[in-house]
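Novice: here is a sequence with its predicted model. Questions after.
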Amino acid sequence: YGPVDITEMQESFNSMMQVLEDRQGDLERAMNSALESARVKGEFAANVTHELRTPMNAVLGMLDLLLTMGLSFKQREYVETAKSSGESLLNLIDEILDFSEGDAGKISFNNHDYLLNESLDDIVGLLSSTALKKDINIGYIVDDDVPQSLHADSVRIRQVLINLAGNGIKFTEKGEVSIHVSVDRDRVDSSTPEGIVQLKFVVRDTGIGVSLEDQSRVFEAFTQVDSSNTKEYQGTGLGLAISTQIVEMMGGDIFVSSEVGVGSEFGFTLPVQTTEPAEQGESGRHYEELEGLNALFVSDSEILNAVAQQKLEALGLRVQLASGGTDALKLIRDGNEKDPFDVLFVDQEISDIKINDFIGFVKEEKNFDKRLTVMLSNPWAVDSRVRDLLLPRLNKPLRSNSLSDLLVKYFVTEQLKSSPEYKA
């Protein structure tokens, strides 16, 4: 090859490099333009949804006032329908706002000290009406080694748990939805900073389940398991996408495990800062009068039994569980001779014996008519037979405060009133 050939090759090479540089510049400009367009669209969605919230809140406020104005049955029905639709629209607005902020990386976090059990009580209480209307039991279990006093953004963690548990309720027609919190030992190593604990939150349901194919895309925005035009389960499909954004921005991971027709587990892991234990409220107070009391809890719900055992044992009681009326009667008869029960808790929805018949059988047992019998009620269940039973009641779901308040009333306050010191 001569000098002319080398010169031509060099010119061709330089020309090719110039073309590549131009193309790279074009691609960078196109990418920046696309990113800017996405940013503008995200900001527009955030601004519009934010502006929509104010008039919607005003509309809902006026509807609340209207409900207090002595409406006829038909008028009240119309207003409640309008209010329900307005609340659904406000939830949609909130989801779009959260998603657009998450997409733009603008979700804000505010870490503060809080108690885990109190937050979980609030979450279960908030979701209980929706669950119990469908006759679905709901509750939570926290492992004993999980610290109660945390420093984290409880509002964002609560938002994720409400999304996951709300989905569980939506896609479950029979059974239960439960929240489980444990320490994720697999993620703890020597590099974990002191005072940081890896917590694992899992929401389990007995719903329709998610196929293996759908599990790979269920966390994508606007995706639902049932995406047909006539889908039975309504929603935007944004809840899991928003939850993913929040969990990942907090340094955690989100996951799903499911079997069609059996149920699902949606969960996430988070690094959380622990704090010095806070002073316990009334629900955490221990009473000597409750220590060692023998309790029998009767329900065919796994989560209700598990929650009852954990909360009653935390109050100092000894607990036995029965999965139905037949098992309970056997335990009562055995206990009458050996170790009688001091208190009986029974779920009004036990399936093997009608609750009225069960209470009748219990009252016939030796010395048991003088024992405390408490019925767990579903406030949304309409049953005239249950309404006539003159028993102390606890509304489901079980909460620490209501459980301890009832036991204190009958085993502490009432005993105190009957003592000679009190009468004197």
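Specialist: Perfect, thanks for sending it.

Novice: tell me where the stretch 101-250 of the chain has strands.
Specialist: 112-115, 136-142, 149-152, 175-183, 196-205 (DSSP state E, counting those that start in this stretch).

Novice: go through those strands and name the closest to residue 70.
Specialist: strand 136-142 (34.5 Å; CB to CB). (Glycine included, C-beta is placed from N, CA and C.)

Novice: that closest one: how far from the chain's middle?
Specialist: Centroid separation between strand 136-142 and its chain, computed with CA atoms, centre = their mean, to the nearest Å, is 8 Å.

Novice: what sits up against it?
Specialist: 116-117, 120, 123-124, 127-128, 131-132, 148, 165, 169, 172, 174-182, 301, 303-304, 306-307, 310, 396-398 (CB atoms under 8 Å, 6 or more residues apart in numbering).

Novice: go again using 6 Å as the cut-off
Specialist: Strand 136-142 has contacts (CB atoms under 6 Å, 6 or more residues apart in numbering) with 120, 124, 128, 131, 172, 176-181, 301, 303-304, 306-307, 397.

Novice: before we move on, what about stretch 259-268?
Specialist: So stretch 259-268 is contacted by 164, 201-207, 209-211, 247, 252, 254-258 (CB under 6 Å, 6+ apart).

Novice: same thing with stretch 199-209?
Specialist: Residues from elsewhere that reach stretch 199-209, judged by CB under 6 Å, 6+ apart: 164-165, 168, 171-172, 175-182, 184, 258-270, 272.

Novice: tell me where the stretch 301-424 of the chain is predicted with low confidence.
Specialist: For the stretch 301-424 of the chain, applying pLDDT under 70 flags the ranges 336, 369, 384-385, 387-388, 414-424.

Novice: repeat that with 80
Specialist: Residue ranges of the stretch 301-424 of the chain with pLDDT under 80: 335-338, 366-370, 381-390, 413-424.

Novice: hey, where'd the helices end up in it?
Specialist: 302-314, 325-337, 355-364, 384-387, 400-408, 414-418, 420-423 (DSSP state H, counting those that start in this stretch).

Novice: can you lay out those helices as CSV showing distance to residue 138?
Specialist: Below are the helices of the stretch 301-424 of the chain laid out as CSV (distance: least, CB to CB, whole Å):
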stretch, distance to residue 138
helix 302-314, 7
helix 325-337, 23
helix 355-364, 20
helix 384-387, 20
helix 400-408, 15
helix 414-418, 31
helix 420-423, 39
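
Novice: which elements pack onto the helix or strand residue 83 falls within?
Specialist: Residue 83 belongs to helix 73-103 when assigned by DSSP states H and E. Using 3 or more CB pairs under 6 Å, 6 or more residues apart in numbering; DSSP states H and E, the elements in contact with helix 73-103 are helix 3-67, helix 239-249.

Novice: have a look at the protein and report its longest strand.
Specialist: In the chain, with assignment by DSSP state E, the single longest strand is strand 263-274.

Novice: tilt between that strand and strand 196-205?
Specialist: Angle of strand 263-274 versus strand 196-205, following axes from the mean of the first three to the mean of the last three CA atoms, to 10 degrees, is 160 degrees.

Novice: how far off centre is the next helix or strand along the chain from strand 263-274?
Specialist: Going down the chain from strand 263-274, the next helix or strand is strand 294-298, by DSSP H and E. Remark: strand 294-298 is offset 26 Å from the chain centroid, using CA atoms, centre = their mean.

Novice: which helices and strands does strand 294-298 pack with?
Specialist: Contacts defined by 3+ CB pairs under 6 Å, 6+ apart place strand 294-298 against strand 318-322, strand 343-347.

Novice: rerun that using 7 Å as the cut-off
Specialist: With contacts taken as 3 or more CB pairs under 7 Å, 6 or more residues apart in numbering; DSSP states H and E, strand 294-298 sits against helix 302-314, strand 318-322, helix 325-337, strand 343-347.

Novice: good, we can wrap up now.
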